[in-house]
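sharing a sequence plus its predicted fold:
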Number of protein chains: 2
Amino acid sequence: MLKYTDIDTSFRALAEPTRRAIVERLSRGPATVTDLAKPFDMTLAAVVQHLQVLEECGLIRTEKVGRVRTCQIDPRGLGKISDWVAAQRVLFERRLDRLGDILAETDEPGQPTEKDQ
Amino acid sequence: MLKYTDIDTSFRALAEPTRRAIVERLSRGPATVTDLAKPFDMTLAAVVQHLQVLEECGLIRTEKVGRVRTCQIDPRGLGKISDWVAAQRVLFERRLDRLGDILAETDEPGQPTEKDQ
């Protein structure tokens, strides 16, 4: 289960372009550590470290079968981020809607405004 | 306009709980720096520093009229984050759908499978 503070570490994990690129790759399907490392100009150890950060905050899962470690997206991790962002947008848009309603009411023809009274 | 690297700094900015709390508050509507600082047990200077981080990465806008600085959400900033997360979820879900289709096809009764031929 994701811990409460995982959203802090998830945001921090995704602030790093290599880790975002790994998540982008894994969104297309599972991959081995060796395959994941191929496009990056860095040591396998550095890639493994990035994978550990992503796994610790629940953005990916890894499984070792024999000598091969396979990584895949854990959709709950991205879900936490998208839920938080969506909640803020809902609040923001609701406020805009309310402002729109107020403007529409004051614009309505034939309705006395404060100035008219 | 948002710079390309703003998504790095936006993710980093939102990894900090006080900054997320400020964004949550501003999603409900604009607020002055003094009002924003009230719920936090920190100096006004520390709050101003958090606001600068949020403004630099395009998550909020601030405007000074006379001696009062008012802050508000810049929806484009959260939009960048939510677009990136949504893109990954679309890829991931598309893959799950394809897997579902493949499973449905192989389960279909009366359809010859490779083994039957």
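Nice, I can see it.

when you work out contacts or count neighbours from here on, use the C-alpha atoms and nothing else.
Fine.

who are the packing partners of the helix or strand in which A:Ala45 is found?
If you go by DSSP states H and E, A:Ala45 is part of helix A:44-56. Using 3 or more CA pairs under 8 Å, 6 or more residues apart in numbering or on different chains; DSSP states H and E, the elements in contact with helix A:44-56 are helix A:6-14, helix A:17-27, helix A:33-37, strand A:60-65.

how far does that helix sit from its chain's centre?
18 Å (CA atoms, centre = their mean, to the nearest Å).

list of residues touching it?
The contact list for helix A:44-56, computed with CA atoms under 8 Å, 6 or more residues apart in numbering or on different chains, reads A:Ser10, A:Ala13, A:Thr18, A:Arg19, A:Val33, A:Thr34, A:Leu36, A:Ala37, A:Ile60, A:Arg61, A:Thr62.

which residue packs closest to the first one, ignoring adjacent ones?
Using CA to CA, 6 or more residues apart in numbering or on different chains and skipping residues adjacent in sequence, the residue nearest A:Ser10 is A:Cys57, 5.5 Å away.

what sits against the one you found?
Neighbours of A:Cys57 in contact, by CA under 8 Å, 6+ apart: A:Leu2, A:Asp6, A:Ile7, A:Thr9, A:Ser10, A:Ala13, A:Gly77.

filter those to the buried ones?
Buried residues within the contacts of A:Cys57, defined by neighbour count using 16 or more other CA atoms under 10 Å in any protein chain shown: A:Asp6, A:Ile7, A:Thr9, A:Ser10, A:Ala13, A:Gly77.

so for the longest helix seen in chain A, mean pLDDT?
The residue-count maximum for a helix in chain A (DSSP state H) belongs to helix A:75-107. The average pLDDT within helix A:75-107 is 87.

then stretch A:48-60?
For stretch A:48-60, the per-residue pLDDT averages 96.

which residue, other than its chain neighbours, is closest to the most centrally placed residue in chain A?
Centroid-nearest residue in chain A, with CA atoms, centre = their mean: A:Ile81, separated by 3.9 Å. Sequence neighbours aside, A:Ile7 is the residue nearest to A:Ile81 in space, at 6.6 Å (criterion: CA to CA, 6+ apart).

contact partners for that neighbour?
A:Cys57, A:Lys80, A:Ile81, B:Ala15.

so the residue nearest to the centre of chain A makes contact with A:Ala13?
No: contact criterion CA atoms under 8 Å: A:Ile81 and A:Ala13 do not qualify, at 11.5 Å.

near chain B, which residues of chain A?
A:7-12, A:14-17, A:23-24, A:27-29, A:73, A:75, A:78, A:81-82, A:85-86, A:88-89, A:91-92, A:95 (CA under 8 Å from any CA of the partner chain).

now which of the residues you listed would you call buried?
A:7-12, A:14-16, A:23-24, A:27-28, A:73, A:75, A:78, A:81-82, A:85, A:88-89, A:91-92.

sorry, back to before: got the contacts of A:Ile7 as CSV, with distance to A:Met42 columns?
Output for those, formatted as CSV (distance: CA to CA, whole Å):
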residue, distance to A:Met42
A:Cys57, 22
A:Lys80, 29
A:Ile81, 28
B:Ala15, 25
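
distance of the residue nearest to A:Pro17 when sequence neighbours are not counted relative to B:Val68?
Residue nearest to A:Pro17 in three dimensions, not counting chain neighbours: B:Asp8, with 7.0 Å by CA to CA, 6+ apart. Distance, B:Asp8 to B:Val68, by CA to CA, to the nearest Å: 30 Å.

likewise A:Arg98?
Relative to B:Val68, and taking CA to CA, A:Arg98 is found at 25 Å.

do A:Leu91 as well
With CA to CA as the criterion, A:Leu91 and B:Val68 are 24 Å apart.
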